[in-house]
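Enquirer: Build the 3D model from these lines:
(one chain, ligands or ions: 1)
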Amino acid sequence: MITVDAQPFGFTFDPASVALIVIDMQRDFIEPGGFGETLGNDISHLQRAVQPTADLLALFRKEAWPVIHTREDHLPDLSDCPPAKRDRGSPTLRIGDPGPMGRILVRGEPGAEIIPACGAIEGEIVIDKPGKGAFYATDLGPILKKLGTKSLIFAGVTTEVCVQTTMREANDRGFECLLIEEATESYFPKFKTATLEMIRAQGGIVGWTAPLAALERAIAKEAAS
Ligand code: TIU
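Expert: The predicted structure follows:
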C-alpha cells in the first residue's frame, strides 16, 4: 500500500487497483478560439495545469498503472447534446458551430482533441462524454470494474465543472478519489480554491487533494522499501 501526504488526511491506495483519470485536457478548453473562450473565459489560467498533468501522466506511465483520458464532445448530429446545453447563455459560438478549430465541441474535430502535451498513448483509454460527469452516458463504470479499480487519481480541467462533477460521481460509486492540486485549473482561480476546499471538507466528503510532489514522494518511498 502507498500513502500520500494529502488533505484532509493520508490517502492510501493499492498500486494494483489505482488508475489515473485525466479530464478534458482538450484544445476546445485550453486553446484560443475553442469552447472555453467562446463562453467568455480567460483561457490563460488553464495553461498552469498543462505541465503538472504531463508530469503526472509520465509518472503513471513509468509505473505502468492504468491511464484514462476523457473528452467532452458531441456527435456530429448533436443528438447527444440537450438543447438546454446548446441554447444556454449567449456564447460567441454555440456547440456545433464552425470555429477556428472546427465545429465547437464536436467529436472528431481538431478542437475536441486532447492537447499534444497530454495526449493519449497506445494502450490508454479515451472516453468521449456528452456531459460534465464522465460516468453519465459512457462506459466508464464497466471499464473501471474490468480494471478492478478502487482508487482514482484525478487531473484535468476545469476544476469546478467536469473534474468536480466526475469526482462526485466517482465518490458516490465507492471510489476513493485524490485530486492532484497543480494538475487541475479553472478559468476562475477563486473557484479552484473553493473546489479544493469543498472536496476535502467535512473529513473528505468528496475525497482528498495533494500536491504532485506528495504523490511522487509516496511512490519513491514505497519503491525504496
Ligand atoms: N466551462 C467550463 O468551465 N468547463 C466545461 O464546460 N467543461 C469542462 O470542465 N470540461
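
Enquirer: I would like the residues contacting whatever helix or strand Lys145 lives in, please.
Expert: Taking DSSP states H and E as the criterion, Lys145 maps to helix 140-147. Outside helix 140-147, the residues that touch it by CB atoms under 8 Å, 6 or more residues apart in numbering are 19, 66, 68, 70, 125, 127, 129, 134-135, 152, 173, 175. In this view, the C-beta of every residue, glycine as well, is placed from N, C-alpha and C.

Enquirer: Which among those count as buried?
Expert: Buried by 16 or more other CB atoms under 10 Å: 19, 66, 68, 70, 125, 127, 129, 134-135, 152, 175, out of these.

Enquirer: Can you name the residues that contact Tyr136?
Expert: Tyr136 touches 129-130, 169, counting by CB under 8 Å, 6+ apart.

Enquirer: Keep only those of the buried ones among the contacts of helix 140-147 that are in strands.
Expert: 19, 68, 70, 125, 127, 129, 152 (DSSP state E).

Enquirer: circling back: and which of the contacts of helix 140-147 is nearest to the ligand?
Expert: Thr70 (8.1 Å; CB to the nearest ligand atom).

Enquirer: Next, work out how far apart the closest one and Ala220 are.
Expert: Computed as CB to CB, to the nearest Å, the Thr70 to Ala220 distance reads 28 Å.

Enquirer: distance between the helix holding Lys145 and the chain's centre?
Expert: Centroid displacement of helix 140-147 relative to its chain, using CA atoms, centre = their mean, to the nearest Å, is 17 Å.

Enquirer: Check stretch 131-139 too.
Expert: 12 Å.

Enquirer: Span of that stretch from start to end?
Expert: End-to-end span of stretch 131-139 (CA to CA, to the nearest Å): 13 Å.

Enquirer: Contacts only, for the residue sitting nearest the centre point of the chain.
Expert: By CA atoms, centre = their mean, the chain has its centre lying nearest to Ile23, at 2.0 Å. By CB under 8 Å, 6+ apart, the contact set of Ile23 is 70, 134, 154-157, 162-163, 166, 184.

Enquirer: okay, those residues in TSV with pLDDT next?
Expert: Output for the contacts of Ile23, formatted as TSV (pLDDT from 0 to 100):
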residue	pLDDT
Thr70	99
Ala134	98
Phe154	99
Ala155	99
Gly156	99
Val157	98
Cys162	98
Val163	98
Thr166	98
Thr184	99
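
Enquirer: Inside strands: which ones of those?
Expert: Cross-referencing the contacts of Ile23 against strands under DSSP E gives 70, 154-157, 184.

Enquirer: average model confidence for the lengthiest helix in the chain?
Expert: Ranked by residue count and defined by DSSP state H, the top helix of the chain is helix 189-204. Computed over helix 189-204, the mean pLDDT rounds to 98.

Enquirer: Not counting its own residues, what contacts whichever helix or strand comes after it?
Expert: Downstream of helix 189-204, the next assigned helix or strand under DSSP H and E is strand 208-210. Here strand 208-210 makes contact (CB under 8 Å, 6+ apart) with 4-9, 11, 176-181, 196, 199-200.

Enquirer: if you set the cut-off to 10 Å instead, what comes out?
Expert: Contacts to strand 208-210, defined as CB atoms under 10 Å, 6 or more residues apart in numbering, come from residues 4-12, 151, 153-154, 176-182, 184, 195-197, 199-200, 217-218.
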